[in-house]
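Student: just coords:
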């Protein structure tokens, strides 16, 4: 793509000081800002200085005010905030599509758990997470929220990929690949927090209680207390299946949402994944406490978990983000697909074409996700002063022609594969569809090697 | 991609006659044949002679038996049959995303019908269909079944794009863009069939009665009679919405499926689109008559029409294909997305992870669609003697790594954008992701021009 010199934008009509910035992105067909007013700027531009957006506005205006040390002519492209994936288990890319189309209990007990027992190591977590980072970046996801084991290794992968991330060390009352003795879980969690690699504020640690049926009340309490003490995000899978909701009701005499409320889990630093089997009271409770929910339509559909009552959560005012869940239950990390699914699934579930409009869904995948992870006002929209996490999509393709409305287009027509450029903290990580900082061939080869070993062990 | 000379495959161990073919595609990581046994050949090859598959088998074997006039080394690629889109209105790409997120009646009466009144011309149908052909080819769809107005123009577009198609002239008891006087519909239909451009058997005419609520009994009868006389496919939208099913029940004292049965519409040359509001008796009736159904999950979800009882249709043994419907209600033409949706939607609707396994869904998008359109045994699977309609996907990408099972991968992980090569009738139409025969830039520009005019008229 030719990078025209600033001189090519014509003479200054009203001379004013020209500021030099690191990046000047000009002439985008549309800049979908995802700001409060959901403004789209036709023929728009963005100026980036260091890790921040210096300005967002009409291209003509920015061309007069700024001179870029690096310039990019984005004719034929759409600029938007990088997407925020609020729920995944990135290392599980190694298990992509393993044992599809089995009943849930057989899939877990005969396929996934045995596979995890033999293959989850720090090395697997590093390469699996790195591969997922590449997939996510390629699909325009610049921030992700993770939960798995050996999450120190996930932190190294996020660091090496240049992504923004919240990485939750998984905690269960059962043996896990990285703490075989559950009684040492607290020591393990503290060690994780102490040894967490320093990648600045871009990569943050978190603790992830697997679920209320795998973590007893005392575990849930100490983990949440530790999170409060360190001011980090607490994550938990909750009300994912009907079985779980019924089991918690039987064990504790109340559903999962009130049960966790009694334990003091819900506040604005808690993120609940799934929340499928909940009702209006649960939604209002979550909203009152300021807790966030990650909606994962692909995973809930593929595992036949159920349809989360998203319109009820929206109505209650719960902070909402979208998540892909892992490659084992999806089988990809593409939030464009999740946006499309979200907008469509709730329309058909309620037989209401107005349920979940595109604009609301687009906000979930951007500002909503940012708020859910504790980055409200930092990422998720394109406004001066925000972090420079943004992506550019090639919209001059048959499947994106014509375009009547940017927001609707992003939800119903674009795909992750349309993303060509991605910046995180002002750093260009994807250029013309190619990864700038990471050896994708190596990451694929490492994961393929692990998959072959696993397939052989399984008698494949 | 380097095209190695046959000599590079090593000396002949057992000399046998080497046959020369037009294309020799070697070393594909997987050849997913979609044959009766759903065989996948690891390190597979395909030999193409003229418009037919000369052989499909292990790469080593075909390298010994054939010499290609053109050769392609498909290391890192997956070969499979071209996909069959059994329901679309291709010209409506011009309305992609027009008036999204409105209630159905307002969307139709305030947006789509007025847009059609001012913009549907032979020229619009040509360019809109051509653009859709490019989108479909790019997504690995090599055959499509269409219904719209001025379908002679659609035939020219399909001819120019090189695709295989069944093109149905739309018939209603109301004025339409190409026959303002419904009383002349029969003359119009006959003129359409007489003047249908001769593109050999690759592009076939069809007649499309819009729906039982827009076509009265006498129209449905004469159109089906005319189709029988000419041995062409009869298409009809049926039981798409609850409103329709109730309206037909009230008008005729029975649901849409029995109503059309009384009129003699159902046989193995009739294709019903949607079939959402039907029951087990309807499904068994369709199966008994040999009629086919096109399942359109995206459109049914986005318009909030409902969830078709696909497992009931499967159980009854109805011939099933998948369709995208038009860009106005989807908003894209990607059967990989429809496969993923189909597999997931019915799992979650029935809370059954075994509903709609990937293999069944993959068959719908290939051999099922072929059977629905009257091309059973000619297209839809990769077997010697079949038409050379096939596609190659680049599977060495992060989001497709690792691969444990080809069929599952194609349904849950791949996207239309992974398709790099497409052949129809042995003719290479897509090469390395680029269109060989059609000027995509021109097609996009023409449709964009029409969209701008339309947006201006609408006060945009």
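Tutor: Thanks, I have it. Values in this document were obtained by computation on a predicted structure and should not be read as measured data.
Student: which residue ranges form the helices in the stretch 1-150 of chain A?
Tutor: A:59-65, A:104-106, A:113-119, A:122-138 (DSSP state H, counting those that start in this stretch).
Student: please identify the most buried of these.
Tutor: Comparing the helices of the stretch 1-150 of chain A by mean neighbour count (mean count of other CB atoms under 10 Å in any protein chain shown), helix A:122-138 comes out on top with a mean of 27. Heads up, the C-betas are built off the backbone N, CA and C, glycines and all.
Student: tell me the contacts of residue A:377?
Tutor: Listed by CB atoms under 8 Å, 6 or more residues apart in numbering or on different chains, the contact partners of residue A:377 are A:370, A:386.
Student: no, scratch that, I was asking about residue A:121
Tutor: For residue A:121, the contact set (CB under 8 Å, 6+ apart) comprises A:150, A:177.
Student: how many neighbours does the closest residue to residue A:49 other than its chain neighbours have?
Tutor: In this structure, residue A:49 finds its nearest non-sequential neighbour in residue A:21, 4.6 Å apart by CB to CB, 6 or more residues apart in numbering or on different chains. Other residues within reach of residue A:21, judged by other CB atoms under 10 Å in any protein chain shown, total 25.
Student: surely residue A:21 and residue A:48 touch.
Tutor: Yes. The pair residue A:21 and residue A:48 passes the contact test of CB atoms under 8 Å, sitting 6.1 Å apart.
Student: find residues that contact each of the two.
Tutor: Residues touching both residue A:21 and residue A:48 by CB under 8 Å, 6+ apart: residue A:54.
Student: thinking again about what came up before, out of the helices of the stretch 1-150 of chain A, the one nearest chain B is which?
Tutor: Closest to chain B of the helices of the stretch 1-150 of chain A is helix A:122-138 (CB to the nearest CB; 4.1 Å).
Student: who are the packing partners of the closest one?
Tutor: strand A:141-148, helix A:151-161, strand A:427-431, strand A:434-435, helix A:440-457 (3 or more CB pairs under 8 Å, 6 or more residues apart in numbering or on different chains; DSSP states H and E).
Student: out of the ones you listed, deepest packed?
Tutor: strand A:141-148 comes out most buried of the helices and strands packed on helix A:122-138 by mean count of other CB under 10 Å, with a mean of 29.
Student: got the angle between it and helix A:122-138?
Tutor: Put simply, strand A:141-148 runs at 150 degrees to helix A:122-138, going by axes from the mean of the first three to the mean of the last three CA atoms, to 10 degrees.
Student: is residue A:227 in a helix, a strand, or coil?
Tutor: Going by DSSP: H, G, I helix; E, B strand; the rest coil, the secondary structure assigned to residue A:227 is helix.
Student: tell me, how many residues neighbour it?
Tutor: Count around residue A:227 with other CB under 10 Å applied: 25.
Student: kindly report the same for residue A:385.
Tutor: Residue A:385 has 11 nearby residues by other CB under 10 Å.
Student: mind listing what it touches?
Tutor: Listed by CB under 8 Å, 6+ apart, the contact set of residue A:385 reads A:52, A:53.
Student: with residue A:410 instead?
Tutor: So, once contact is read as CB under 8 Å, 6+ apart, residue A:410 ends up touching A:32, A:78, A:80, A:336, A:339, A:358, A:362, A:393.
Student: okay, and which of these map to strands?
Tutor: A:32, A:78, A:80, A:393 (DSSP state E).
Student: which one of those is nearest chain B?
Tutor: Distances from chain B to the ones in strands among the contacts of residue A:410, taken by CB to the nearest CB, are shortest for residue A:393, at 12.1 Å.
Student: which residues of the stretch 1-150 of chain A score low on pLDDT?
Tutor: In the predicted model, the stretch 1-150 of chain A carries pLDDT under 70 at residues A:1-16.
Student: circling back to that earlier point, closest one to chain B among the helices and strands packed on helix A:122-138?
Tutor: Evaluated over the helices and strands packed on helix A:122-138, closeness to chain B peaks at helix A:440-457, with 3.4 Å, by CB to the nearest CB.
Student: what is that closest one packed up against?
Tutor: Applying 3+ CB pairs under 8 Å, 6+ apart, one finds that helix A:440-457 contacts helix A:113-119, helix A:122-138.
Student: again, only using 10 Å
Tutor: Contacts defined by 3 or more CB pairs under 10 Å, 6 or more residues apart in numbering or on different chains; DSSP states H and E place helix A:440-457 against helix A:113-119, helix A:122-138, helix A:151-161, strand A:434-435.
Student: residues touching residue A:365, list them.
Tutor: Residues counted as contacts of residue A:365 (CB atoms under 10 Å, 6 or more residues apart in numbering or on different chains) are A:34, A:80-86, A:140-141, A:295, A:320-323, A:335-336, A:338-339, A:342, A:380, A:410-411.
Student: how about residue A:354, secondary structure?
Tutor: From three-state DSSP, the assignment for residue A:354 is coil.
Student: hmm, residue A:428 is touching residue A:389, no?
Tutor: No. Using CB atoms under 10 Å, residue A:428 is not in contact with residue A:389; the gap is 11.7 Å.
Student: name the residues contacting each of these two.
Tutor: In contact with both residue A:428 and residue A:389: residue A:422, using CB under 10 Å, 6+ apart.
Student: what does the stretch 51-200 of chain A have sitting close to chain B?
Tutor: Applying CB under 10 Å from any CB of the partner chain, we find that the stretch 51-200 of chain A lies next to chain B at A:93-107, A:128, A:130-139.
Student: switch to 6 Å and redo it
Tutor: A:97, A:98, A:100, A:101, A:103, A:104, A:131, A:134, A:135 (CB under 6 Å from any CB of the partner chain).
Student: CSV please, covering those and showing distance to residue A:314.
Tutor: Converted to CSV, those look like this (distance: CB to CB, whole Å):
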residue, distance to residue A:314
A:97, 32
A:98, 34
A:100, 31
A:101, 32
A:103, 32
A:104, 27
A:131, 33
A:134, 32
A:135, 28
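Student: residues contacting stretch A:123-141, please?
Tutor: Here stretch A:123-141 makes contact (CB atoms under 6 Å, 6 or more residues apart in numbering or on different chains) with A:83, A:85, A:90-91, A:93-94, A:144, A:150, A:153-154, A:156-157, A:161, A:163, A:333-335, A:391, A:416, A:419, A:422, A:429-430, A:435, A:440, A:443, A:446-447, A:450, B:398-399.
Student: please apply the same query to stretch A:446-460.
Tutor: A:94, A:115, A:119, A:124, A:127, A:131, B:401, B:402.
Student: how far is that stretch from where the chain is centred?
Tutor: 28 Å (CA atoms, centre = their mean, to the nearest Å).
Student: what does stretch A:143-161 give?
Tutor: Between the centre of stretch A:143-161 and the centre of its host chain there is 12 Å, according to CA atoms, centre = their mean.
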